[in-house]
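Novice: sequence first, predicted coordinates after that:
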Amino acid sequence: MTAHYQVHGDVAVITLDNPPVNGLGLSTRQAIARGLDRAHDDEAVRAIVITGAGKVFSGGADIKEFGTPRAYQDPNLLSLILTLDHARKPVVAAVHGVCMGGGLELALGAHYRIAVPGTKVALPEVKLGLIPGAGGTQRLPRVLGVEPALNMIVSGEPVAAEVLAQVPGQRLFDRIAASADTLLQEALALAREAAQRHADGTPLPRVRDLPCRHPQGDAYFQFARNMVGAQARHYPAPLKCIDAVQAATTKPFDEGLAQERQTFLNLMTDPVSLALRHVFMAERAAGKIADVPEDTPLRDIRAVAVIGAGTMGSGITINFLNIGLPVTILETKQEALERGVANIRAVYEGQVAKGKLKPEQMQERLSLLRTTLSYDDIRDADLVIEAVFEDLEVKRQVFERLDAVMKPGAILATNTSTLDVNKIAAFTKRPQDVIGTHFFSPAHVMKLLEVVRGAATAKDVLATIMALGKRIKKTCVVSGVCDGFIGNRMIEQYSRQAGFLLEEGCTPEQVDRAIEKFGFAMGPFRMGDLAGNDVGWYIRKRRYVEKPHLRYSPIADRLCEMGRFGQKTGAGWYDYQPGKRDAIPSPLVNQMIEDYRKERGITPRKISDEEIVQRLVFALVNEGAHILEEGIAARASDIDMVYLTGYGFPAWRGGPMHYAEQFGLFNVMQAMKRFARNPNDDAQFWQPAPLIQRLVAEGKGFAAA
């Protein structure tokens with residue numbers, strides 16, 4: 001049973017019990033409906049309390065049923081709330097922990113509401129490209145006021161119950177309970193008071209009957225649209241939220257409810273909502289590892305060591321200081337340590353200046369930081385993360401030393417972005433304790449953490465790092481071992497295509513402009529300037545030896561030979577003014593590209609934005625399909641999470657693999673065949689991955705793989 005029925009004297013209590021968030025799935029809705037019928041049929045019951053088991057009231061829809069027919073099957077949430085509207089006995093919603101989405105809409109259908117302080121209250125549907133679909137846009141403005149309600153609905157952000165209880169004129173909460181421990185008793189008391197109050201037949205208070213107006217009317221809603229429109233360019237839901245709330249102020253309740261429902265159903269099939277819901281599910285799926293049970297015992301991490309105090313090492317360190325873990329940074333020179341500490345202090349001082357951190361919090365975090373030049377000082381760390389130069393010989397020296405000094409059971413992690421984790425593990429006598437933790441720069445800001453599982457990595461090591469990654473607020477995606485793992489292996493093909501586009505007629509700014517218009521945070525050439533073009537140059541030099549058959553455009557090498565490494569040198573694909581990050585098209589670079597074409601006898605052609613986008617994005621998709629087929633990634637949605645959280649792929653398109661599915665894998669394959677016929681491109685690369693060919697033949701999508 002996902003909801004339980006109990007009678008406490010003259011009050012029936014219906015308790016939602018569908019862990020982890022008491023989702024309102026079909027079986028739960030059915031159990032609530034049965035409980036309401038039972039309470040109404042029992043003459044000894046004078047009132048009803050609806051509450052939640054465990055630590056939450058309800059987080060809303062059951063994600064296991066999201067987007068399936070069961071989500072709409074009767075009694076759907078609208079039907080259930082309609083039952084409350086017609087209840088003959090007072091219903092009290094006793095909320096605690098979390099009261100969000102459909103959970104809040106259910107509570108708004110009750111006659112009275114009592115909440116525990118700290119309860120997170122929200123209508124977060126907008127974050128999934130939707131609007132509330134069970135009366136949230138019609139009822140919340142009636143109990144909270146139009147402006148506070150609209151702010152909550154458009155932002156989707158949670159607000160504490162006690163804060164909402166202080167909104168002038170609010171009728172959302174009739175009482176704030178003393179604590180979670182007393183909630184049920186206080187709710188029972190409120191229910192009995194209500195039963196007594198309405199014993200004479202006085203009508204029960206219904207939210208739907210409350211007035212809903214805004215003194216400025218249409219002018220206020222136009223102001224709201226102007227404010228929201230600029231921020232919601234690619235997202236239709238925020239503006240639709242405004243329309244629905246405005247309907248609450250201008251239409252009879254049932255008409256407003258019908259408009260809300262129709263809008264909700266229309267948005268359910270909108271590509272943006274499909275993408276955002278895919279992202280929502282993908283983020284949760286990424287933490288699940290098929291052969292590592294959720295109850296796998298974790299290793300205790302009480303102290304961390306970081307090898308290397310450069311930009312990456314400093315950023316990694318900040319993550320752990322932020323959650324109260326002591327960190328010791330090891331370097332070979334005192335000056336390097338001092339620069340690293342100065343960088344960490346500068347980050348915290350910046351956060352204090354912006355009001356994001358209190359000075360005492362900064363001091364508390366800095367007090368957890370230690371520095372050393374000796375491996376002996378880190379021997380007792382539970383986790384050590386190597387963040388040194390991306391060279392296998394350098395890694396060998398570090399890991400042989402760590403193997404000699406670290407205590408048994410310590411986790412030895414490498415921050416390598418491309419190198420073979422199995423080779424690194426082989427430098428030790430404890431390969432089971434070695435794992436890849438590929439942070440993205442800046443490591444204290446970027447959400448992605450690629451967790452690279454070596455052939456010998458122990459399951460408890462993997463589980464421990466995944467749990468720790470969650471604690472430091474990272475989106476962790478597991479990758480197998482290959483050159484570049486998931487993200488960098490794919491971005492290499494993307495970058496190769498960008499180089500070929502230059503050869504064929506594009507300028508760097510044209511390529512960047514097209515892919516940024518598609519929605520990327522940054523085009524390939526601006527990204528190269530930010531990361532440092534010498535990084536790619538170093539990798540290509542290695543490729544020329546290891547994969548001599550793989551063709552690259554030499555233009556990027558020529559750029560590096562000119563010393564144009566990007567923003568750090570004030571010149572890359574673009575020119576930069578001192579102290580500024582604005583990318584200024586470079587006549588020198590464009591001339592260099594033209595000279596190269598003349599040397600090679602290439603006649604430049606006009607290339608459309610559509611071709612630019614498809615060649616870059618489908619290059620990611622084809623390589624991603626190979627990665628999926630090889631088992632480097634467990635699922636296509638993991639690949640999407642890598643690109644959404646680490647490479648600036650637009651969230652409203654759902655990631656490269658999801659985008660390809662929406663575009664149609666047959667259409668993607670046809671485009672690849674066209675690109676393969678281009679004599680200036682790489683025909684071998686554009687052979688569709690066997691997985692894509694198979695899925696097209698079977699009429700399936702990546703989820704089937």
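Specialist: Perfect, I can see it now.
Novice: contacting residues around the most centrally placed residue in the chain?
Specialist: Centroid-nearest residue in the chain, with Cα atoms, centre = their mean: Glu283, separated by 6.0 Å. Counting by Cβ atoms under 8 Å, 6 or more residues apart in numbering, Glu283 touches Thr475, Met641. C-beta coordinates here come from the backbone N, C-alpha and C atoms, glycine included.
Novice: what does Phe666 give?
Specialist: The contact partners of Phe666, by Cβ under 8 Å, 6+ apart, come to Val696.
Novice: which residues in the stretch 51-200 of the chain form helices?
Specialist: With DSSP state H, counting those that start in this stretch as the criterion, the stretch 51-200 of the chain has helices at 77-85, 102-108, 136-144, 146-155, 161-164, 183-197.
Novice: and Tyr12, that's in a strand?
Specialist: Heads up, residue 12 is Ala, not Tyr. Yes. Using DSSP: H, G, I helix; E, B strand; the rest coil, the secondary structure at Ala12 is a strand.
Novice: right, and it touches Ala44 too?
Specialist: No. Ala12 is beyond contact range of Ala44, at 9.3 Å (criterion: Cβ atoms under 8 Å).
Novice: between the two, which is the more surrounded one?
Specialist: For Ala12 versus Ala44, the count of surrounding residues by other Cβ atoms under 10 Å is larger for Ala12: 25 against 10.
Novice: so how far is Ala115 from the nearest residue to the more buried one once chain neighbours are set aside?
Specialist: Counting by Cβ to Cβ, 6 or more residues apart in numbering, Ala39 is the residue found nearest to Ala12 once chain neighbours are left out, at 3.8 Å. Going from Ala39 to Ala115 by Cβ to Cβ, to the nearest Å gives 22 Å.
Novice: one more: Cys99?
Specialist: Distance of Cys99 to Ala115, given as Cβ to Cβ: 7 Å.
Novice: count of neighbours near Met456?
Specialist: Met isn't right for residue 456; it's Ala. For Ala456, the neighbour count with other Cβ under 10 Å is 17.
Novice: name the element it belongs to?
Specialist: For Ala456, there is no host helix or strand (DSSP states H and E).
Novice: distance check, it against Arg430.
Specialist: Ala456 is 9 Å from Arg430, where distance means Cβ to Cβ.
Novice: now for the residue nearest to Ala12: which residues touch it?
Specialist: Ala39 sits next to Tyr5, Ala12, Ile14, Val45, Ile48, Lys89 when contact means Cβ under 8 Å, 6+ apart.
Novice: just put these in JSON lines and tack on distance to Gln670.
Specialist: Listed next are the contacts of Ala39 as JSON lines, based on distance: Cβ to Cβ, whole Å:
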{"residue": "Tyr5", "distance to Gln670": "57"}
{"residue": "Ala12", "distance to Gln670": "61"}
{"residue": "Ile14", "distance to Gln670": "55"}
{"residue": "Val45", "distance to Gln670": "65"}
{"residue": "Ile48", "distance to Gln670": "59"}
{"residue": "Lys89", "distance to Gln670": "63"}
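Novice: return the entry from those residues with the maximum number of neighbours.
Specialist: With neighbours defined as other Cβ under 10 Å, the most crowded of these is Ile48; it has 27 neighbours.
Novice: before I go, just wanted to say thanks for your time.
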